[in-house]
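[1] got a structure for you, letters missing:
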């Protein structure tokens, strides 16, 4: 049996297992709302959502204190404290959780989100849309480095994160918190000066074999603090997602497909639970759900999977009654998530300008005369090009700009996704 055949069998087996798992989960859950829906529903009543797993760490009395603290800031802050593990509704990824929450508040342009971290159980991540105005990402990260929160519980850590976000000096606080970490074990250039140490003596006595002290000790210190919730690569605040989600940035098609499948399933559950008499956009949502399922079945890569997410977003907007006013996903890279504004853009080599919806990051790039990040596709000659450069008759995404150029998207249900 060839290697390619073995690989194909492995992939098919994995897909079958995933399908069986999804079916079993649906049978067990019945008509229960998805995790994203439950969280979004709770956040509409309170800016603080605490999963029952954290009920002891953040009891109702502390939740009410956090609510009052957030309301006093006057900022659109929401907190989501829920366990994140690989294989759950968010695949253990706080970026995915943040993107899911953001997508369920299409009517709220500005949003600051504080979530639990998927890598470290007692750590927090910060996100902000449409731009990092309050430096939420760094403010939340800084909260985990302070001496006063070193042994703090989740409730106190969250309260400090809210305080630093409201202060608006997150980047400064972050730099102050970590400034002494990377040079704590570096000796003076002069062996006879005040920097002379046991480390330098040991290095001399062993013929240089203790060189690792000069870099190993700081590295171990950083690793220890990382475990507490502090030092790790700063995560970019998703513009939804910047999204999306982080899976797009990793170009991980398999993970994005799983994400799309979950989103389609959630939309289907939401349409089933909706009442036609009180949901004028229900038929539109059903059309979007059907179209998303069709695209997902025929998806051949990231552009199609991005289309699935665009259709799901359109369906959710229809259910919430915001389909006529909500912006579509970012024209240049729909995996950045929902657009923040519309702007004029003139394609290279053309005199006319297009009115497109863009995320804040892409808008900033255009303003600074930089090329925005774009989603690419493959043309007939096998070359990688921006998706919107494909002929409109070959790609529905090029024709519609994922909703920027033509909406609604649900009408593609009766058309082929892409010319074969």
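    Received, thanks. This is a predicted model, so every value here is computed, not measured. Numbering: from 1, shown residues only.

[2] Count the residues that sit near residue 65.
    For residue 65, the count of nearby residues is 14 (other Cβ atoms under 10 Å). Where C-beta positions appear, they are placed from N, C-alpha and C, glycine not excepted.

[3] and it, what helix or strand is that in?
    helix 60-73 (DSSP states H and E).

[4] now that helix, how far from the chain's geometric center?
    25 Å (Cα atoms, centre = their mean, to the nearest Å).

[5] now stretch 260-276
    21 Å.

[6] Run through who's touching the helix holding residue 65.
    46-48, 50, 58, 77-79, 155, 158-159, 162-163, 165-166 (Cβ atoms under 8 Å, 6 or more residues apart in numbering).

[7] Show me which of those are buried.
    47-48, 50, 58, 77-79, 155, 158-159, 162, 165-166 (16 or more other Cβ atoms under 10 Å).

[8] sorry, back to before: quick one: name whatever helix or strand follows the helix holding residue 65.
    strand 77-81.

[9] Can you give the strand pairings for that following strand, parallel or anti for each?
    strand 48-50 (parallel), strand 111-116 (parallel) (DSSP bridges).

[10] ok, back up a step: just the mean pLDDT for the helix holding residue 65, thanks.
    Averaging pLDDT along helix 60-73 gives 94.

[11] All further residue positions should be reported with the first residue as 34.
    From this message on, residue numbering opens at 34, which makes the last subject helix 93-106.

[12] Now that helix: buried residues?
    95, 96, 99, 102, 103, 106.

[13] Just name the closest of those to residue 167, please.
    Residue 167 lies nearest to residue 106 out of these, by Cβ to Cβ, at 9.4 Å.

[14] Any figure for the gap between that closest one and residue 87?
    Distance, residue 106 to residue 87, by Cβ to Cβ, to the nearest Å: 22 Å.

[15] returning to what we had before: farthest-apart pair in the buried ones among the contacts of helix 93-106, please.
    83 and 199 (20.0 Å).

[16] so where is the stretch 134-283 of the chain shaky, pLDDT-wise?
    The stretch 134-283 of the chain contains residues with pLDDT under 70 at 154, 213-283.

[17] in it, which spans are strands?
    Secondary structure of the stretch 134-283 of the chain (DSSP state E, counting those that start in this stretch): strands located at 144-149, 157-162.

[18] I'd like these as JSON lines, with mean neighbour count and distance to residue 375 appended.
    Formatted as JSON lines, the strands of the stretch 134-283 of the chain follow (neighbours: other Cβ atoms under 10 Å; distance: least, Cβ to Cβ, whole Å):
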{"stretch": "strand 144-149", "mean neighbour count": "25", "distance to residue 375": "19"}
{"stretch": "strand 157-162", "mean neighbour count": "28", "distance to residue 375": "16"}
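
[19] looking at those, which is closest to residue 393?
    Closest to residue 393 of the strands of the stretch 134-283 of the chain, according to Cβ to Cβ: strand 157-162, at 7.4 Å.

[20] name the helices or strands packed onto that closest one?
    helix 127-136, strand 144-149, helix 169-176, helix 187-200 (3 or more Cβ pairs under 8 Å, 6 or more residues apart in numbering; DSSP states H and E).

[21] between the last one and strand 144-149, how big is the angle?
    Angle, helix 187-200 to strand 144-149, by axes from the mean of the first three to the mean of the last three Cα atoms, to 10 degrees: 150 degrees.

[22] gap between the residue nearest the centre of the chain and residue 97?
    Central residue of the chain (Cα atoms, centre = their mean): residue 128, 3.2 Å from the mean position. Remark: distance between residue 128 and residue 97 (Cβ to Cβ) = 29 Å.

[23] try residue 87
    Residue 87 is 15 Å from residue 97, by Cβ to Cβ.

[24] now do residue 317
    Residue 317 is 39 Å from residue 97, by Cβ to Cβ.

[25] So what touches stretch 400-420?
    334-336, 339, 365-369, 391, 394-395, 398-399, 421-423, 427-428, 430-431.
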